[in-house]
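*Asks:* Next one to model:
(2 chains, ligands or ions: 1)
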Amino acid sequence: MSEPSTSYGSRPAPTGSAFELFAWLFMRLSGVLLLVLALGHLVIMHLINNVGNINYEFVAGRWSGELGMFWRGYDWLMLMLAMVHGVNGLRTILEDYLRPGKRRTLALSALYIIGIAFLAVGSVVIFAFKRVV
Amino acid sequence: MKVALRIQRFNPDTDKSPHFEDYTVESELTDRILDAILQVKGLTDGTLTLRKSCAHGVCGSDGMRINGRNALACRELIMNHKQPIVIEPMKGFSIIKDLVVDMEPFFNKYKSVKPYLINDEAAPAKERPQSEKDRMKFEDTTKCILCACCTTSCPTYWADSDFVGPAALVAAHRFIFDSRDRAGEERLDIVGEKEGAWKCRTIFNCTDACPRGIQVTQAIGEIKRKEIFG
Ligand code: FES
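*Replies:* Residues are numbered from 1 along each chain as shown, chains lettered A, B, ... in the order given. Sure, this is the predicted structure:
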């Protein structure tokens, strides 16, 4: 039977890939982790310390002291999880609402490029940081 | 007493796009919405087209969008709805005429999960026994009557017609969790695809819409858990 143009076939060709399973699982796990990390960040930056006191000195001190590697790790993990979590969420939305085609490819490419760029810049800043003053 | 209806009409031979028409019928408040629609068809405009059969919530043929929510017109009392009662065909399928939509894609998706018992072990002399506990694992999902109220209430399905949809996932659940069935793995592969259970965004519209009260979102959640933990 020929399908009317607005009707759709039965099922897309199977891919056999478990990517969506891992993406789904990642969203749950990173969500829980971010709850802890981001809330911790919020408490440290806004409740324990006055926002007015948070400046270069504060961050540089935190990243260079004895616990320097710990705080760099903390910040990097938060950056990593938040970035991938956010990008994957946007990917989900774009794939839901844009039909396959040029516009979707363009939007997704832009998303990935921006995501990777931010991750790279952030990682460089966190790990290559050297206190200058 | 007078009951006001606003029904979406579409005749593919004359209309470019659907439009609404207002009708008033004489009805009891304890009547069902299906009765009011049939009055319009019987007394006002015989060209009004809809599907219905049992009129008792059994066959699942009169699923439609009533005041913005999917339901079976034969199971909704007039008194429980604000007037004018707005009646539209289910969303997400192409309209054939008025309230009749093309269900072919729906049944294709249903078939894609192999909704039948698969077990090629030698048939026992009498029957394949099953404990009450095993049976309860899929009791809820046996209640589906394929009315499509869930799938056509799902925003993910509206946006992406490749999504297998809640009804097909319910059917998959029905057999994946049946201890007598042997094709669970195969079905888990089918609904473990990108356009399968992972496309579910846990919106719960399906659970709200189901006229049989099936916990659709929960069934999909159980499938996801099975995909991950086996
Ligand atoms: S007419 Fe059969 S379910 Fe409503």
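
*Asks:* quick one: B:Asp22 is in a strand?
*Replies:* Yes. Judged by DSSP: H, G, I helix; E, B strand; the rest coil, B:Asp22 forms part of a strand.

*Asks:* looking at chain A, which helix or strand is least sure?
*Replies:* Ranked by mean pLDDT, DSSP states H and E, the weakest helix or strand in chain A is helix A:56-64, scoring a mean of 90.

*Asks:* Mind giving me the packing neighbours of it?
*Replies:* Packing contacts for helix A:56-64, counted by 3 or more Cβ pairs under 8 Å, 6 or more residues apart in numbering or on different chains; DSSP states H and E, involve helix A:68-97. All C-beta atoms are positioned from the backbone trio N, CA, C, and that covers glycine.

*Asks:* again, only using 10 Å
*Replies:* helix A:68-97, helix A:102-128 (3 or more Cβ pairs under 10 Å, 6 or more residues apart in numbering or on different chains; DSSP states H and E).

*Asks:* Quick one: work out the angle between it and helix A:102-128.
*Replies:* Helix A:56-64 runs at 80 degrees relative to helix A:102-128, counting by axes from the mean of the first three to the mean of the last three Cα atoms, to 10 degrees.

*Asks:* what sits against the residue most central in space within chain A?
*Replies:* Of all residues in chain A, the one closest to the mean position by Cα atoms, centre = their mean is A:Met83, 1.3 Å from it. Shown in contact with A:Met83 (Cβ atoms under 10 Å, 6 or more residues apart in numbering or on different chains): A:Ile114, A:Gly115, A:Ile116, A:Phe118, A:Leu119, A:Gly122, A:Ser123.

*Asks:* Check the gap between it and A:His41 for me.
*Replies:* A:Met83 sits 14 Å away from A:His41 when distances are taken as Cβ to Cβ, to the nearest Å.

*Asks:* Using CSV, list the CA coordinates for stretch B:67-85.
*Replies:* In CSV, the C-alpha atoms belonging to stretch B:67-85 read as follows (Å, rounded to 0.1, in the frame of the first residue of the first chain):
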residue,chain,number,x,y,z
ASN,B,67,-11.0,19.4,25.1
GLY,B,68,-7.3,19.0,24.4
ARG,B,69,-6.9,15.5,25.9
ASN,B,70,-6.9,12.2,24.2
ALA,B,71,-9.8,9.9,25.3
LEU,B,72,-12.4,7.4,24.1
ALA,B,73,-15.5,9.4,23.4
CYS,B,74,-17.6,6.5,24.6
ARG,B,75,-16.0,6.7,28.0
GLU,B,76,-16.4,10.4,28.6
LEU,B,77,-19.5,11.8,30.2
ILE,B,78,-20.7,15.2,29.0
MET,B,79,-21.0,16.5,32.5
ASN,B,80,-17.3,16.1,33.1
HIS,B,81,-16.4,18.5,30.3
LYS,B,82,-16.4,22.2,29.8
GLN,B,83,-18.6,23.4,27.0
PRO,B,84,-18.3,23.9,24.1
ILE,B,85,-16.6,20.5,24.1
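
*Asks:* list the buried ones in that stretch?
*Replies:* Judged by neighbour count using 16 or more other Cβ atoms under 10 Å in any protein chain shown, the buried positions of stretch B:67-85 are B:Asn67, B:Asn70, B:Ala71, B:Leu72, B:Ala73, B:Cys74, B:Arg75, B:Glu76, B:Ile78, B:His81, B:Pro84, B:Ile85.
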